Each structure stands twice: as structure tokens, then as C-alpha cells.
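Here is my input, please return the structure:
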Amino acid sequence: MQRTNALSSVNNLSSIVLTGVGATAITDCWGFARKPLLGIPSPDYGLVGRWLSHMRHGQFHHASITASPPVHGEQVSGWVVHYLIGIAYAALLALIGGEAWLHNPTPWLALATGIGTVAAPFLVMQPAMGAGIAASRMRHPGSARLHSLLMHAVFGIGLYVSAWALR
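Below is the predicted model of the structure:
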């Protein structure tokens, strides 16, 4: 039996984009809710924009991204990239689960995908931004790891909820 490529139709691409945007928005809601619930500030996606903007000038690693000079438009570019990454992860999920998953989403594959995406910040973004592998250079690395894992689990739940709402 041949599995249909989930990226093969406009309807599927629309579903992937909307699933990624929806999951990212759900994650952002959790990010905003953390401050009043847990006393943890929302992620600053402007720092992602700053990191990416500095790459244009050949600087890929920072001792501390917060100490690096701000860049015009970093907030906007950081938020845009944040949502584009969410869409890319939704596309990855669609490639893993196939077209059948888009039409009949299951929570476990979405949650596993969401949790798996924590590898990107642990292994790429945090080291490049000066926090070390898996936040090892942070003041409280265990807490930072736990909150990253929780944020990505919420993203996985958001993938499922968004895909389920679209079916």
C-alpha cells in the first residue's frame, strides 16, 4: 500500500500551515500564561531575531545573545521566524504521519513530534545564543530544560488540537 504524500495538495498544504500557526499560537498562549501562573516570563523571540540578524554579518555564536547589540526589526523578524518554524514542524509531522494523519490526527504522534522538537533549541539555538547545550550555562539549567520541554510538549498538544479542529 502506497502512502500518499501529505505535501501533495493545496488542501494539505493549507492544513499544514494552519496547524503550524494554530499550534504556535497555543504555545504562545501558554508562554504568556506562565508569568501569572508560575512567575516565569514569556520567551523573548526578539532575541531569535537578533541572533539571526547577526548571522548576516558572519556571527553565528554569541557569548550571551542578550549582551549582543540589538538589531533594528529583531522583534518582528523573531516572531515571524517563530511562526515559520512552527509551520515547518507541522510539515515534519505531516511527512511522518502522512495524509492520513492530517485527516485523522492522533494525539500521541503530535505530542511525540512536539517533544522531539526540543532538540533544536537544546542543540542549536541555546548553544549558539550563549546558553550552552541544553541550557547548561544558565543559572538554573534543570529548570530551563524542564520549561523548554514543557513548552514543546504544549506545542505538540497544539499540533493535535489544531489539526483536529481543521479536519
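
going forward, measure contacts between C-alpha atoms and count neighbours the same way
Fine.

quick one: the closest residue in space to Leu123 that isn't next to it in sequence from Thr117, how far?
Nearest residue to Leu123, sequence neighbours excluded (C-alpha to C-alpha, 6 or more residues apart in numbering): Ile133, at 5.6 Å. As for Ile133, its distance to Thr117 is 15 Å (criterion: C-alpha to C-alpha, to the nearest Å).

SS state for Arg34?
helix (DSSP: H, G, I helix; E, B strand; the rest coil).

ok, the spatially closest residue to it that is not a sequence neighbour - how many residues close by?
Spatial nearest neighbour of Arg34, excluding adjacent residues (C-alpha to C-alpha, 6+ apart): Ile40 at 5.4 Å. Residues lying near Ile40 (other C-alpha atoms under 10 Å) number 13.

what about Ile40, helix or strand, and which?
Taking DSSP states H and E as the definition, one finds Ile40 inside no helix or strand.

re the thing from before, from Val81, how far out is the residue nearest to Leu123?
Ile133 is 21 Å from Val81, where distance means C-alpha to C-alpha.

repeat for Asn11
23 Å.

Let me see the contact set for the residue most central in space within the chain.
For the chain, the residue sitting closest to the mean C-alpha position, by C-alpha atoms, centre = their mean, is Gly86 at 5.0 Å. Listed by C-alpha atoms under 8 Å, 6 or more residues apart in numbering, the contact set of Gly86 reads Gly20, Val21, Ala23, Thr24.
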